[in-house]
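3D model of this:
(2 chains, ligands or ions: 2)
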Amino acid sequence: MSLKTKGWRELPIGGLILEGGTSEMYKTGGWRSLKPIWSEEKCTHCLTCWIYCPDSAILLSDEKVQGINYDYCKGCGICAKECPTKVKAIEMVEER
Amino acid sequence: MGKISAKTGNEAMAEAMRQINPDVVAAYPITPATEIVQIFAGFKSDGLVDTEFIATESEHSALSACIGSAASGARTMTATASQGLVLMQEMLYIASGLRLPIVIAEVNRALSSPINIHCDHSDTMGARDSGWIQIYSENAQEAYDNLIQAVRIAESALLPVMVTIDGFIISHGMERIEIIPDEEVKGFIGEYRPRYTLLDEERSITMGAIDFTDYFFEHKRQQIEAMKEAKEKIIEVSKEFNSRFKRDYGLFECYRLEDARYALVVLGSTGGTVKVVVDELREDGVKAGLLKVRVFRPFPWQEIKDTLAYIPFIAVMDRSDGLSSLGGPVFQEIRSALYDIDSRPKVINYIYGLGGRDTKLHHIKQVFQDLQGIDRTGRIDGLINYLGVRE
Ligand code: SF4
Ligand code: SF4
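Ligands and ions are numbered 1, 2, ... in the order given. Here you go, the predicted structure:
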C-alpha cells in the first residue's frame, strides 16, 4: 500500500500517528540509488544473496529465488557482490 | 469577591498553581523564580495539592519531564527564569511541535554574560519564536489571573503557554491582590480531558515520529495556523474570566489612548510607571497614552495596527535588545505592523532597564518629551535610543 501525501488540513496535529503498527506501511526502498537486477536464467538458487541481504528483500518460494522486493531493497549491492563469481546473476544498475 | 491578601508576584503565581492543582510539576530552581517552586513544594508536603512533584537535575530535564508528563495526558506546569529558560530552549520547540499544553510561570531576568540576576526581557524574547504563547503581566494580580487563564488557553489552543512577571520588581515586590476562592478557580479551569494520550491502551498512538521532506512543512503549517487561531481562544478565555471574576483582559491594554497624540508601547511592570506619567501629562494638557502589550505571542498585529493607526508619534519600549543593530524585538514588530498605514506614524525605539536598571518617572517623561520634540521639528534624531545608560 502506498501512502497518499495529505495536505496540512487533513493531517493529525503535532506529527502524531493515530494508530499502531504503521511501520508495516512504511516502504524503505525509496532512497535506493542503485537497483539490483536479478537474472532468472543465470541464477543457480544457491541462496547466498538471500542469506546476506540485510533487508530480507530477496523473494523466495520453495527455496527458489523469485526476484527482489523493491519496496524494501535499499540498493546496497551486497547481493550482487556475494553472488558466486562464476554465476554473477545480479547486476547493479543506476536507479532512475 | 475573593479574599484580599498581600502577596509577592512569586507568591501569587505559587498560589495560582496550588489552586490549579496540576497533575505534574517538574522543576529546577533558579533566581528569581526559585520561590514559586519552593512554595509549591511546601503545598505538596503539606498535602494541599495532589500533584506529582518531580525535582529534576536541570531545567532541560525539567521541561523534558514535563513533555513526557503532558504526552501521557497529565495537566503539567513548571516555573523558571533566565538561564533556566535558555537551558530549556531545545525542549521548548519539542513541546510546542508536539502541541502539548504545558504552562510555565516565567520570571523575567537578564541573560549572562555579564552575569546578572535582575530583570530584563532577554530570556523570553529569546524564546519568542519557539511556538509558545507568551503572556506578560504588569503586576502580581495580573500574574495570578494570567496563570489561571493560561491553563485554559493552553488546553484549548493545544499550545504551550508562558506567563511572565518582571524579576524582583514584581516577583519579590509585595502587593495587594485578590485571590479567587479555590472552588471557583477549579470551576473555571475545569477538568482536563486530553485529546491524545500515550497511556490510552484502546487507542495506541505514536508521538515524535520522524518527519522528512514529505510532511514536515505541513506539520509546521498547522502549527502556524494554531498560533493564529490562539488569538481568538485567548480572547474567549479572557471574556469568560471577566464575566466570572470581573477583571477585564484583552490582547493588550489601552490607557488613555483614544485621543492620544503621543503613545508609548510597553510590556510588563513598566506599564504601571507609564500610567503615572500619562496621568501627570494629561493634567498638563499633553495628549499622552499607553498601549501595554499583554499577549506578545501570538503577536496581535492587526489589532495593534488598528489601535495605533491614528496616533502620529509612538515610542516602543524594549526591555531587551536583539543585538541585531535594529533595536529591540517589540519595536521591530510594532513598526512592521504599522507599515501599511497610509498616515504612517513616526515610530522610535527605546531600549531600557537592561539587567534591572531602574526606570523612573523622569525617564518616561523624557521619552514623551522626545516625542513632542519630533512633533515640533518633524525630525527624528534618534531612531533607536538607550534610556538610562551612562554615556
Ligand atoms: S541490493 Fe542490498 S538490499 Fe537490495 S536485495 Fe541486494 S542485498 Fe538486499
Ligand atoms: S547468490 Fe546469485 S546464484 Fe545464488 S541465489 Fe542469489 S542470485 Fe542466485
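
so who does residue B:135 touch?
Applying CB atoms under 8 Å, 6 or more residues apart in numbering or on different chains, we find residue B:135 in contact with B:146, B:149-150, B:153, B:161-164, B:234, B:294-296. For the C-beta atoms, the positions are set from N, CA and C on the backbone; glycine is no exception.

am I right that it is in a strand?
Yes - according to DSSP: H, G, I helix; E, B strand; the rest coil, residue B:135 belongs to a strand.

quick check: it vs ligand 2, distance?
The gap separating residue B:135 from ligand 2 is 65 Å, by CB to the nearest ligand atom, to the nearest Å.

now pLDDT too, for the contacts of residue B:135, in a markdown table please.
Output for the contacts of residue B:135, formatted as a markdown table (pLDDT from 0 to 100):
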| residue | pLDDT |
| --- | --- |
| B:146 | 98 |
| B:149 | 98 |
| B:150 | 98 |
| B:153 | 98 |
| B:161 | 98 |
| B:162 | 98 |
| B:163 | 98 |
| B:164 | 98 |
| B:234 | 98 |
| B:294 | 98 |
| B:295 | 98 |
| B:296 | 98 |
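
among those residues, name the ones in helices.
Judged by DSSP state H, helices contain the following of the contacts of residue B:135: B:146, B:149-150, B:153, B:234.

between the residues you listed, which sits nearest residue B:386?
Proximity of these to residue B:386 (CB to CB) peaks at residue B:146, which lies at 29.4 Å.

what number of residues lie near that closest one?
Neighbour count for residue B:146, taken as other CB atoms under 10 Å in any protein chain shown: 27.

same check, this time on residue B:246
Residue B:246 has 10 neighbours, counted by other CB under 10 Å.

now the contacts of residue B:135 as TSV including distance to residue B:188?
TSV is the format used below for the contacts of residue B:135 (distance: CB to CB, whole Å):
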residue	distance to residue B:188
B:146	13
B:149	8
B:150	12
B:153	12
B:161	15
B:162	20
B:163	15
B:164	21
B:234	15
B:294	18
B:295	19
B:296	24
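
which of these come close to ligand 2?
Applying CB under 6 Å from any ligand atom, the subset of those adjacent to ligand 2 is empty.

quick one: contacts for the residue nearest the centre of chain A?
Centroid check for chain A by CA atoms, centre = their mean gives residue A:73 as the closest residue, at 1.9 Å. Applying CB under 8 Å, 6+ apart, we find residue A:73 in contact with A:29, A:32, A:35-36, A:53, A:55, A:57.

hang on, residue A:14 in a strand?
No - under three-state DSSP, residue A:14 sits outside any strand and is assigned helix.

touching, it and residue B:101? I think so.
No - Residue A:14 is beyond contact range of residue B:101, at 11.0 Å (criterion: CB atoms under 8 Å).

neighbour count winner among these two?
Between residue A:14 and residue B:101, counted using other CB under 10 Å, the more crowded position is residue B:101 (25 against 21).

avg pLDDT for stretch B:364-371?
Taken as a whole, stretch B:364-371 has an average pLDDT of 98.

correction: the previous question concerned stretch B:94-105.
Taken as a whole, stretch B:94-105 carries a mean pLDDT of 98.

now swap in stretch A:79-91 and tell me
For stretch A:79-91, the mean pLDDT works out to 97.

hmm, it in reach of ligand 2?
Yes - applying CB under 6 Å from any ligand atom, one finds stretch A:79-91 touching ligand 2 at A:83, A:87, A:89-90.

just the buried positions in that stretch, please.
Using 16 or more other CB atoms under 10 Å in any protein chain shown as the test for burial, stretch A:79-91 gives A:79-80, A:83, A:89-90.

and for that stretch, what's in contact with it?
Contact partners of stretch A:79-91, identified using CB under 8 Å, 6+ apart, comprise A:36-39, A:42-44, A:46, A:48-49, A:52-53, A:58, A:68, A:92.

repeat that with 6 Å
Contacting residues not belonging to stretch A:79-91 are listed as A:36-39, A:42-44, A:48-49, A:52-53, A:92 [CB atoms under 6 Å, 6 or more residues apart in numbering or on different chains].

equivalent analysis for stretch B:329-339, please.
By CB under 6 Å, 6+ apart, stretch B:329-339 touches B:125, B:265, B:299, B:301, B:304-305, B:316, B:318, B:322, B:345, B:347, B:349.

the chain: helices as residue ranges?
All of this is about chain A. Counting by DSSP H, chain A has these helices, from start to end: A:48-52, A:78-82.

actually it's chain B I care about, not the one you picked
Going by DSSP H, chain B shows helices at B:9-20, B:34-45, B:59-71, B:82-97, B:122-125, B:140-157, B:182-189, B:216-245, B:270-283, B:301-308, B:329-337, B:361-377.

relative to residue B:253, which of the ones you listed is closest?
helix B:270-283 (7.2 Å).

buried residues in the closest one?
Buried-residue list, helix B:270-283, by 16+ other CB under 10 Å: B:270-271, B:273-275, B:277-278, B:281.

could you single out the nearest of those residues to chain A?
For the buried residues of helix B:270-283, the residue nearest chain A by CB to the nearest CB is residue B:271; the value is 34.5 Å.

quick one, what contacts the closest one?
By CB under 6 Å, 6+ apart, the contact set of residue B:271 is B:138, B:292.

roughly how far does the nearest residue to residue B:177 once chain neighbours are set aside sit from ligand 2?
Leaving aside its sequence neighbours, residue B:177 sits nearest to residue B:141 (CB to CB, 6 or more residues apart in numbering or on different chains; 4.5 Å). Relative to ligand 2, residue B:141 is positioned 77 Å away (CB to the nearest ligand atom).

residue B:141 reaches residue B:179, doesn't it?
No - applying CB atoms under 6 Å, one finds residue B:141 not in contact with residue B:179, separated by 9.6 Å.
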